[in-house]
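> Would you be able to build a 3D model of this:
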Amino acid sequence: MTLRELPPSSPFAADDGSADPAVAAALAAFGAGSGALADVVAALHGSRVLVPVMAELDVAGTHEHDGVAHRVDKEATTGVVALRAPDGRTALPVFTCVASVSAWRSQARPVPSDAARAALSAVQEGWELVVVDPGGPVTALLPRPAVWALAQQVAWEPAVVGVGDRRHVVDVVRDAVIAAVGGVPGVVQVDAVPGGRAEVAVVLGLVPGLGRGDLDVVLSQVNAALVGSQVVADRVDSLELRLRGA
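Below is the predicted model:
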């Protein structure tokens, strides 16, 4: 009789719960300011992440015994946790190792998944962001285009590159913003720079003397032009408008 070893029932059967060395190194460099977020996303491609699942009480009640009310947990279900980002959008938390899950929520159960499947789940739920290791020691917030790239298993091309004062909007995105907005009546200057409240700031120079009503019309047309740009939609996570004198 020949004995054949059966394959593991899960691709993560031999997983010891530790972080992928490449992802850990990319996160450490990102946290130290010597690495870019794009390096973290690149390292996540093909790696395993842990998605936290927590129990949630669906139905609870009380019953009385000897004149004392007692709480009874009647039913509980488990589900994936969602977080609320500072801008109000929903984010899926994922973790690099079991220790980071426990440090964040001791009651969370870590469920292994490849990064692409986790990102795809977030997209299918309508969640735009992914947060890597929200409990630290280094946390990385992946913007919507990066999440889509992970889900599609393609390389992410950031709209903004560089570090610190050397950050700049890449030419293809800057050109797309200028092409989209440059033809809007009332706009005489357009530029795209790294944003403060958003990823990219669209800097507008308008014709002088616009009244409030005319200004609202111009800005509405600018927003519509940006929404209609495929490059902006695919590459830019969020936008803000800035006005400057022409």
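> Select the helix or strand of this structure having the lowest average pLDDT value.
Taking mean pLDDT, DSSP states H and E as the measure, the chain has strand 68-80 as its least confident helix or strand, at a mean of 57.
> ranges for the strands of the chain?
Assigned by DSSP state E, the chain shows strands spanning 48-65, 68-80, 83-84, 90-94, 109-114, 129-132, 140-142, 160-161, 168-169, 187-194, 200-206, 239-245.
> Could I get those strands in CSV, plus columns for mean neighbour count and distance to residue 31?
Quick note: C-beta positions are derived from backbone N, CA and C, even for glycine. Shown next, in CSV, are these (neighbours: other C-beta atoms under 10 Å; distance: least, C-beta to C-beta, whole Å):
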stretch, mean neighbour count, distance to residue 31
strand 48-65, 14, 17
strand 68-80, 10, 25
strand 83-84, 12, 19
strand 90-94, 23, 16
strand 109-114, 17, 21
strand 129-132, 23, 11
strand 140-142, 22, 8
strand 160-161, 19, 18
strand 168-169, 20, 22
strand 187-194, 17, 20
strand 200-206, 20, 24
strand 239-245, 13, 26
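> what's the closest of the ones you listed to residue 151?
The closest of the strands of the chain to residue 151 is strand 129-132. By C-beta to C-beta, the value is 9.5 Å.
> Which strands and helices lie in contact with that closest one?
strand 90-94, helix 115-125, strand 140-142, helix 144-152 (3 or more C-beta pairs under 8 Å, 6 or more residues apart in numbering; DSSP states H and E).
> Tell me how far the longest helix seen in the chain lies from the chain's centre.
Scanning the chain for the helix with the most residues, using DSSP state H, yields helix 212-227. Using C-alpha atoms, centre = their mean, to the nearest Å, the mean C-alpha position of helix 212-227 is found 28 Å from that of the whole chain.
> still on that earlier bit, residue 23: which of the helices and strands packed on strand 129-132 is closest?
helix 115-125 (8.6 Å).
> List the buried residues of the closest one.
Within helix 115-125, the residues that count as buried by 16 or more other C-beta atoms under 10 Å are 115-116, 118-123.
> Ok, stretch 40-47 next?
40-45, 47.
> Nearest to residue 31 among those?
Distance to residue 31, by C-beta to C-beta, is smallest for residue 40 among these, at 9.7 Å.
> That closest one is in contact with residue 24, isn't it?
No - with contacts counted by C-beta atoms under 8 Å, residue 40 stays clear of residue 24, the gap being 10.2 Å.
> Got the domain ranges for this structure?
The chain breaks down into these domains under automatic domain parsing: 21-56+69-156, 164-245.
> ok, now how distant is residue 163 from residue 176?
The gap separating residue 163 from residue 176 is 23 Å, by C-beta to C-beta, to the nearest Å.
> Which residues are in contact with the closest residue to residue 140 other than its chain neighbours?
The shortest distance from residue 140 to any non-neighbouring residue, by C-beta to C-beta, 6 or more residues apart in numbering, is to residue 132 (4.3 Å). The contact partners of residue 132, by C-beta atoms under 8 Å, 6 or more residues apart in numbering, come to 27, 40, 44, 49, 94-96, 139-142.
> 10 Å instead?
For residue 132, the contact set (C-beta atoms under 10 Å, 6 or more residues apart in numbering) comprises 23, 26-27, 30, 37, 40-41, 44, 49, 92-96, 100, 115, 138-142.
> Relative to residue 27, how far out is the residue nearest to residue 193 when sequence neighbours are not counted?
Leaving aside its sequence neighbours, residue 193 sits nearest to residue 201 (C-beta to C-beta, 6+ apart; 5.2 Å). Distance of residue 201 to residue 27, computed by C-beta to C-beta: 27 Å.
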